[in-house]
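>>> generate coordinates for the sequence data below:
(2 chains)
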There are 2 protein chains.
Amino acid sequence: MKNAKISNAVIKRLPRYRRYLIELRKKGVEKISSKEFSNLIGYTASQIRQDLNNFGGFGQQGYGYSVDGLYQEISAILGLDKEYRMVIMGAGNLGQAIAKYTHFHKQGFKVYGVFEVKQDLIGQKLAGIEIMDYEDIVEFVEEEAIDIGIICVSQENAQEVADRLCFAGVKGIWNFAPIDIEVPKHVALENVHLSDSLHSLAYHMNDIQKREQLNKEKEKEETN
Amino acid sequence: MKNAKISNAVIKRLPRYRRYLIELRKKGVEKISSKEFSNLIGYTASQIRQDLNNFGGFGQQGYGYSVDGLYQEISAILGLDKEYRMVIMGAGNLGQAIAKYTHFHKQGFKVYGVFEVKQDLIGQKLAGIEIMDYEDIVEFVEEEAIDIGIICVSQENAQEVADRLCFAGVKGIWNFAPIDIEVPKHVALENVHLSDSLHSLAYHMNDIQKREQLNKEKEKEETN
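Numbers count the residues shown, from 1 in each chain, chains lettered A, B, ... in the order given. I've put the predicted structure just below:
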C-alpha cells in the first residue's frame, strides 16, 4: 500500500466496491474486468482503474481483478480485517435501534455498552447490552479499550459527549446528532446527518417536478 | 432561481448552510458576511459566495447576507417550505426508530403509515402510527397521496419494495438498506448507507494510527 494521502472521494467509494465484491463472491464469480465492474457499479472503467491504482493496483492486464483478492485487499485497506469495540451514547430511539441492529455486529463492530443520563434507564438492558451511567463513561472506555463512540444524544449535548469520549481515549466518533461537532486531530470523525440527507431528497424531488413542468410547457408551445 | 442544473456537491452543502443559519437565527444574528460565515462553517468565503451565487446570490456588497432571508431562500430551494407525506417500509428496529424520531416530523416530514409483511406486527401501532399489511401499500400511496417511501427492509427485499413504491407513485425513495437500488428517472433517490459510513470511519481511524506510527519512527531515526 502506498503511503500518499488518498482522497476522501476515493475512500468514500471503497465500501461500495466492497459491497459489490461481496455480491460477486456470493454468486461464485472469481474474476472481473474493470469494464464488467463498471457495468455493474456504474462508475467508468477508467475511474475504477484509477481508484484501485491508489493502492498499488490489483489488476493484471488481460486478466482482470480477482474478486476474492480485491475483496480481501479492500477490506484490509478499510481496516475491516479486525474488530472494533464500540459504545453508544444515548439510549433514545436511535441509540436503541443501533444497539439492536445486528448487521454491524456481524461485520466486526461490536457494542459493549450504552450510556445514558436518565436514571430510570440505567441498569436496564438493550439487546443484551447494559445501559450504564454516563458518569462512568471515561473509566469504561479506558478499561474496555473502546475504539469508537457512537453519538445518539440531542444536538445540544453532542459536543460535550464528544469531548468526554475523546478525553477518555476513543479513536473514532460516529456522530448521528444533527450538528457539526469538533474533535482533536488524532480522532477520526464520521457524521451521519439524516436530516441533511432528507433535505437533499426533498430538493431532488422538487427539481424533477420543476423539470417535468418545464418540459410540458415546452411541448405545449411547440404544439401551438 | 436560475434554471441551470446545480451540481450535486452544492446541493449537498445547502442543508448544512441551513443548519448554521438556524443557529444564527436562534442567537439573534441578523446579518453575516461571507467571511464570518466562512469562519463558522469551515468553507472558504469564496466557496460560500460561489455556492450561493448558483441561486442568483442573496448577498449585497458591503452588507453581507441577511440571515433570515438566506434561511428562507435556502429552505424554499430545498423544498422545505411545504409538507411531505411519508411511509416506512419495514417495522424492524430501524423502521421503528424512524417512526419514533420526532425531529423529521417537526421539519414537515410526516409518517402516515408503516408497512410490514409479518402478520403478528400488522395492526399494532408505532408512536401512534398504524402498522399495515405490505399487500395494501399501492392503494395507500394512491389514496393518501404519499410523497416519500422510506426503505427499512433487508437488502434482499429492498429492490422489490422500491419497485412497488415507484409503481404506486411515490416521488422519492429514502433508502436505508445496505444495497444500491434502482429507481425510474422521475423518482428521486437518496441513500443512507450506514455501513459505508462506518467503514469510512474505520479507514480514517487506521489512517491516523499509521501516520502517528510513521511520525514516531521518523522521530526515532532523527534522534539516532
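>>> which residues touch the longest strand along chain A?
In chain A, taking DSSP state E as the definition, the longest strand is strand A:109-116. Here strand A:109-116 makes contact (C-beta atoms under 8 Å, 6 or more residues apart in numbering or on different chains) with A:83-91, A:95, A:98-99, A:104-105, A:122, A:126, A:129-134, A:136-137, A:140, A:144, A:146, A:148, A:150, B:198, B:202. C-beta here means a position set from N, CA and C on the backbone, and glycine is covered the same way.
>>> in its sheet, what does the next helix or strand after that strand sit against?
Next helix or strand after strand A:109-116 toward the C-terminus (DSSP states H and E): strand A:125-126. Strand pairing for strand A:125-126, determined by DSSP bridges: strand A:129-133 (antiparallel).
>>> mind checking how far the partner strand is from the chain centre?
Distance of strand A:129-133 from its chain centroid, counting by C-alpha atoms, centre = their mean, to the nearest Å, is 24 Å.
>>> flag every buried residue along the helix or strand following it.
Moving toward the C-terminus from strand A:129-133, the next helix or strand (DSSP H and E) is helix A:137-143. For helix A:137-143, a neighbour-count test (16 or more other C-beta atoms under 10 Å in any protein chain shown) marks A:137, A:140-141 as buried.
>>> now residue A:175: phi and psi?
Note on residue A:175: backbone dihedrals following degrees, to the nearest 10 are phi -100, psi 120.
>>> from memory it sits against residue A:190, does it?
Yes - taking C-beta atoms under 8 Å as the definition, residue A:175 is a contact partner of residue A:190 at 7.1 Å.
>>> which one of those two is surrounded by more residues?
More neighbours surround residue A:175 than the other of residue A:175 and residue A:190, with 27 against 19 (other C-beta atoms under 10 Å in any protein chain shown).
>>> which secondary structure element of chain A has the lowest mean pLDDT?
Lowest mean confidence among the helices and strands of chain A (mean pLDDT, DSSP states H and E): helix A:102-106, at a mean of 83.
>>> and it, what does it pack against?
Using 3 or more C-beta pairs under 8 Å, 6 or more residues apart in numbering or on different chains; DSSP states H and E, the elements in contact with helix A:102-106 are strand A:109-116, helix B:194-223.
>>> residue B:70 is nearest to which of the ones you listed?
Distance to residue B:70, taken as C-beta to C-beta, is lowest for helix B:194-223 among those, at 28.7 Å.
>>> for the closest one, which helices and strands make contact with it?
By 3+ C-beta pairs under 8 Å, 6+ apart, helix B:194-223 packs against helix A:8-26, helix A:67-78, helix A:102-106, strand A:172-175, strand A:188-191.
>>> can you give the strand pairings for the last one, parallel or anti for each?
Going back to what we said before, that points to strand A:188-191. strand A:172-175 (parallel).
>>> give me the mean pLDDT for the strand it pairs with.
Averaged over strand A:172-175, pLDDT sits at 98.
>>> outside of that strand itself, list whatever touches it.
A:86, A:147-151, A:158, A:162, A:165-166, A:181, A:183, A:187-192, B:197-198, B:201-202, B:204-205.
>>> circling back: pick out the shakiest of the helices and strands packed on helix B:194-223, pLDDT-wise.
helix A:102-106 (a mean of 83).
>>> work out the gap between that helix and the centre of the chain.
Centroid separation for helix A:102-106 versus its chain: 13 Å, with C-alpha atoms, centre = their mean.
>>> which residues sit against that helix?
With C-beta under 8 Å, 6+ apart as the criterion, helix A:102-106 contacts A:86, A:98, A:110-111, B:178, B:194-195, B:198.
>>> next, residue A:85: phi, psi?
The phi/psi pair for residue A:85 (degrees, to the nearest 10) is phi -100, psi 120.
>>> for stretch A:49-69, measure first residue to last.
15 Å (C-alpha to C-alpha, to the nearest Å).
>>> again but with stretch A:20-40, I slipped
Distance across stretch A:20-40, first residue to last, is 8 Å (C-alpha to C-alpha).
>>> residue A:46 - nearest residue in space that isn't next to it in sequence?
With sequence-adjacent residues excluded and distances taken as C-beta to C-beta, 6 or more residues apart in numbering or on different chains, residue A:46 is closest to residue A:34, at 7.8 Å.
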